[in-house]
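**Student:** this one's structure only:
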Ligand SMILES: [Zn+2]
Ligand SMILES: [Zn+2]
């Protein structure tokens with residue numbers, strides 16, 4: 001639903017500078033142009049350009065895909081009153097499903113609150129912030145911007161991010177260097193105290209050490225005992241060849257550090273690939289559209305085309321090759337871990353907008369010499385229509 005709410009608020013056509021009636025081709029063209037202009041590679045350090053690039057990418061993710069675009073158009077015709085509680089929607093805040101779900105807020109006046117408090121502490125080891133139980137670090141997410149070339153060939157790159165990391169002063173122990181945390185005398189390092197309530201026995205976090213099991217007499221001056229600090233980090237990432245735009249790469253254990261010996265979270269990278277001037281990727285295949293003249297398509301020709309992995313290649317056009325025919329050059333696509341793709345060359349017969357006198361003469365001679373109409377299959381239908389008119 002989150003995506004759909006955004007659909008109401010954002011006019012993706014406006015973002016891409018196209019009309020709502022634009023063809024898929026026009027949308028792609030507009031996207032490529034804007035993405036090239038605002039790509040972070042072209043604007044290093046320009047956060048506004050980066051924001052703009054993300055916005056353009058998000059817009060193209062939806063309206064660049066014919067099926068998603070249809071859905072988007074439909075959702076938008078519903079208007080903001082369409083039941084998602086968009087801006088100006090019914091109710092205006094308050095009830096419903098808050099993002100945090102149920103909030104239990106017990107007082108700390110003994111009795112039930114404390115009883116349940118003990119239970120909950122036990123039950124929320126994954127997220128509890130005090131428990132001495134091992135806690136896994138949070139997953140992190142960041143964007144990775146790649147040039148088309150790097151995405152095609154694969155690259156080992158460095159991701160810069162600011163996040164919680166193990167404190168560099170105390171290496172996560174929380175104690176001032178040269179001092180040692182001591183075992184809590186009240187809970188003997190367990191972090192919890194047993195509390196007998198008749199038939200039941202509940203465990204509560206130890207108030208002496210706040211559930212850590214250890215007492216720090218002299219906290220680390222950098223992290224004040226937390227064991228972690230916010231700081232810029234560099235993470236090396238190996239990106240395989242042939243990675244496509246929008247891919248999420250998971251780097252296990254490179255998220256935030258865990259607590260009390262718990263494992264670190266993961267780091268997710270969302271890959272953004274800058275569009276190329278002429279090439280595009282289709283899975284592991286590299287695609288290229290090559291304009292040819294009508295004589296080349298009709299008579300046959302050898303075309304020399306560029307590749308991304310080395311020398312140009314020559315593709316042979318057979319005489320009478322139809323427009324939009326795709327020729328395959330084996331093994332010149334991306335060398336992905338799952339195999340190497342091909343280069344797919346699609347030819348497009350170019351029609352000159354202007355003719356020189358000599359060209360005009362030649363084309364007119366061709367026209368005069370042409371005996372077969374390419375539309376002969378329509379003749380039957382045309383005559384039938386004429387007969388009906390009479
Ligand atoms: Zn520290
Ligand atoms: Zn304790």
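**Tutor:** That came in fine, so what should we check first? All of these numbers come straight from a predicted model, not from anything done at the bench. Ligands and ions are numbered 1, 2, ... in the order given.
**Student:** where do the strands sit along the stretch 51-200 of the chain?
**Tutor:** Ranges of strands in the stretch 51-200 of the chain, per DSSP state E, counting those that start in this stretch, are 140-146, 155-166, 182-183, 192-197, 200-205.
**Student:** Packed most tightly, which of those would that be?
**Tutor:** Mean neighbours per residue, mean count of other C-beta atoms under 10 Å, is largest over the strands of the stretch 51-200 of the chain for strand 140-146, with a mean of 18. Using the backbone N, CA and C atoms, a C-beta is placed for each residue, glycine as well.
**Student:** list the helices and strands it packs on?
**Tutor:** helix 47-63, strand 155-166, strand 228-239, strand 267-273 (3 or more C-beta pairs under 8 Å, 6 or more residues apart in numbering; DSSP states H and E).
**Student:** what residues are up against residue 274?
**Tutor:** The neighbours of residue 274, taking C-beta atoms under 8 Å, 6 or more residues apart in numbering as the test, are 35, 36, 39, 41, 42, 145, 146, 147, 148.
**Student:** oh sorry, the question was meant for residue 61
**Tutor:** The contact partners of residue 61, by C-beta under 8 Å, 6+ apart, come to 68, 246.
**Student:** State the distance from it to residue 313.
**Tutor:** According to C-beta to C-beta, to the nearest Å, residue 61 and residue 313 sit 33 Å apart.
**Student:** ditto for residue 319
**Tutor:** 20 Å.
**Student:** What of residue 293?
**Tutor:** Separation of residue 293 from residue 313 (C-beta to C-beta): 20 Å.
**Student:** Ok, residue 371 next?
**Tutor:** Per C-beta to C-beta, residue 371 is found 37 Å from residue 313.
**Student:** what's the answer for residue 321, then?
**Tutor:** The spacing between residue 321 and residue 313, counted by C-beta to C-beta, is 17 Å.
**Student:** These two: which is more packed in?
**Tutor:** residue 321 (19 against 14; other C-beta atoms under 10 Å).
**Student:** so that one sits right up against residue 299, yeah?
**Tutor:** No - between residue 321 and residue 299 there is no contact under C-beta atoms under 8 Å: 9.7 Å.
**Student:** Now do the contacts for residue 63.
**Tutor:** 12, 13, 16, 27, 69, 72.
**Student:** re the thing from before, deepest of the helices and strands packed on strand 140-146, which one?
**Tutor:** Highest mean neighbour count of those: strand 267-273, a mean of 20 (counted as mean count of other C-beta under 10 Å).
**Student:** strands paired with that strand, and their directions?
**Tutor:** Here strand 267-273 is paired, per DSSP bridges, with strand 140-146 (parallel), strand 248-251 (antiparallel).
**Student:** buried set for the helix or strand just after it?
**Tutor:** For strand 267-273, the following helix or strand on the C-terminal side (DSSP states H and E) is strand 279-282. Within strand 279-282, the residues scored as buried using 16 or more other C-beta atoms under 10 Å are 279, 280, 281.
**Student:** just checking, what packs against the next helix or strand after strand 279-282?
**Tutor:** Once the chain leaves strand 279-282, the next helix or strand it forms, by DSSP H and E, is strand 285-292. Judged by 3+ C-beta pairs under 8 Å, 6+ apart, the packing partners of strand 285-292 are strand 279-282, strand 301-305, strand 343-349.
**Student:** One more pass at 10 Å, please.
**Tutor:** The contact analysis (3 or more C-beta pairs under 10 Å, 6 or more residues apart in numbering; DSSP states H and E) places strand 285-292 against strand 279-282, strand 301-305, strand 313-317, strand 326-329, strand 343-349.
**Student:** Can you lay out the strands of the stretch 51-200 of the chain as a markdown table showing mean pLDDT?
**Tutor:** As requested, the strands of the stretch 51-200 of the chain are exported to a markdown table (pLDDT from 0 to 100):
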| stretch | mean pLDDT |
| --- | --- |
| strand 140-146 | 93 |
| strand 155-166 | 89 |
| strand 182-183 | 89 |
| strand 192-197 | 77 |
| strand 200-205 | 76 |
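**Student:** so which of those strands gets nearest residue 332?
**Tutor:** For the strands of the stretch 51-200 of the chain, distance to residue 332 was read as C-beta to C-beta. The smallest value, 18.9 Å, belongs to strand 155-166.
**Student:** Give me the neighbour count for residue 332.
**Tutor:** Burial of residue 332 is recorded as 23 neighbouring residues (other C-beta under 10 Å).
**Student:** In which helix or strand does it reside?
**Tutor:** Of the helices and strands defined by DSSP H and E, none includes residue 332.
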